[in-house]
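Colleague: Let me see the structure of the following:
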Amino acid sequence: MTRPKCPFCDGDKTCAIFYGYPGDIEWYLEAVAKGEIIDGGDIIGDNDPAWHCHECKNNWGKRNEAS
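Modeller: Alright, predicted model coming up:
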């Protein structure tokens with residue numbers, strides 16, 4: 001998955017937002033610790049953002065269009 005630049009600050013330290021319950025908790029915790037993903041929570045909605053910027057904390061995009 002290609003990480004887009006942040007549309008707010010043009011930063012390149014972005015990651016996908018993970019929603020739902022992970023099947024492999026070890027992979028999940030390692031990916032969160034490395035900043036490869038962030039936790040979006042267990043409740044999945046229609047308007048959830050897909051991307052997160054570690055630099056400015058902006059969330060954007062549509063979850064169902066991230067893949």
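
Colleague: residue ranges for the helices of this protein, please.
Modeller: Counting by DSSP state H, the chain has helices at residues 25-34.

Colleague: That one: strands as residue ranges?
Modeller: For the chain, the strands defined by DSSP state E cover 14-19, 37-41, 51-53, 59-60.

Colleague: Pick the most deeply packed of these.
Modeller: strand 51-53 (a mean of 22; mean count of other C-beta atoms under 10 Å). (Glycine included, C-beta is placed from N, CA and C.)

Colleague: Now do that strand: distance to the chain's middle.
Modeller: Mean-position distance between strand 51-53 and its chain equals 5 Å (C-alpha atoms, centre = their mean, to the nearest Å).

Colleague: still on that earlier bit, nearest to Cys6, of the strands of the chain?
Modeller: Checking the strands of the chain against Cys6 by C-beta to C-beta gives strand 51-53 as the closest, at 3.8 Å.

Colleague: Quick check: which ranges of this structure have low pLDDT?
Modeller: 1, 65-67 (pLDDT under 70).

Colleague: try it again with 90
Modeller: Scanning the chain for pLDDT under 90 picks out the ranges 1-2, 46, 63-67.

Colleague: returning to that earlier point: kindly present the strands of the chain as JSON lines, with separate columns for distance to Pro7.
Modeller: Formatted as JSON lines, the strands of the chain follow (distance: least, C-beta to C-beta, whole Å):
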{"stretch": "strand 14-19", "distance to Pro7": "10"}
{"stretch": "strand 37-41", "distance to Pro7": "17"}
{"stretch": "strand 51-53", "distance to Pro7": "9"}
{"stretch": "strand 59-60", "distance to Pro7": "6"}
